[in-house]
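Visitor: just coords:
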């Protein structure tokens, strides 16, 4: 009986929802403690050596609506693609997407001086999950991926809705959505290629 209970505890501790909970708590703490001056993505501070802002800016939000919208998005995306994740892999992916988000904005959008929010990373996480849906044979993955691409393309041309801009009390950084989408797809392709190499090496070893 004890072994069964420990197995269940291990399974629960390895759940992607644990990371969603931890990220939610962290974002709430950072919001109410007001760490924007220290952690927000600020281009000139980053170029001056404050490299942590590349990642930490993703964890900050402009107001409570912004925070709640992004955290709701995080939980929905994790629930949608939970079958693809365990806490360690999701934590690594989350960290990579946050860092790549900052690097992408720094490299390709020099006119963007400041940025906060999870939305760019969420676009990447959504795209990553959609690609893995496709890999596992779910036709819905194509719809999800094409929908995300269409949304981001629309935003690049027409911009974000005025309602969302007013709600979060800031301009929606649609550039971040594009960077996140591209990074999510790229991460998925890299991981799938890596898994294919491992499978090939394993097959070659077993055939000897």
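Guide: Right, received. Where do you want to start? Just so we're clear, the structure is a prediction, and the values are computed from it rather than from any experiment.

Visitor: residue nearest the centroid of the protein?
Guide: residue 121 (3.1 Å; CA atoms, centre = their mean).

Visitor: which residues touch that one?
Guide: Neighbour list for residue 121: 58, 94, 97-98, 101, 180 [criterion: CB atoms under 8 Å, 6 or more residues apart in numbering]. Using the backbone N, CA and C atoms, a C-beta is placed for each residue, glycine as well.

Visitor: residue 44 now?
Guide: With CB under 8 Å, 6+ apart, residue 44 has these contacts: residue 113.

Visitor: let me know the secondary structure of it.
Guide: With DSSP: H, G, I helix; E, B strand; the rest coil as the basis, residue 44 sits in helix.

Visitor: any low-confidence regions in this structure?
Guide: 1-11, 203-208 (pLDDT under 70).

Visitor: show me the strands in it, by range?
Guide: 41-42, 114-115 (DSSP state E).

Visitor: how far away is residue 114 from residue 14?
Guide: Note on residue 114: its distance to residue 14, by CB to CB, to the nearest Å, is 36 Å.

Visitor: can you check residue 68 too?
Guide: Taking CB to CB, one finds residue 68 at 27 Å from residue 14.

Visitor: shouldn't residue 142 be in contact with residue 134?
Guide: Yes - using CB atoms under 8 Å, residue 142 is in contact with residue 134, at 6.0 Å.

Visitor: buried residues, stretch 97-111. List them.
Guide: Residues of stretch 97-111 classed as buried: 97-106, 109 (neighbour count, 16 or more other CB atoms under 10 Å).
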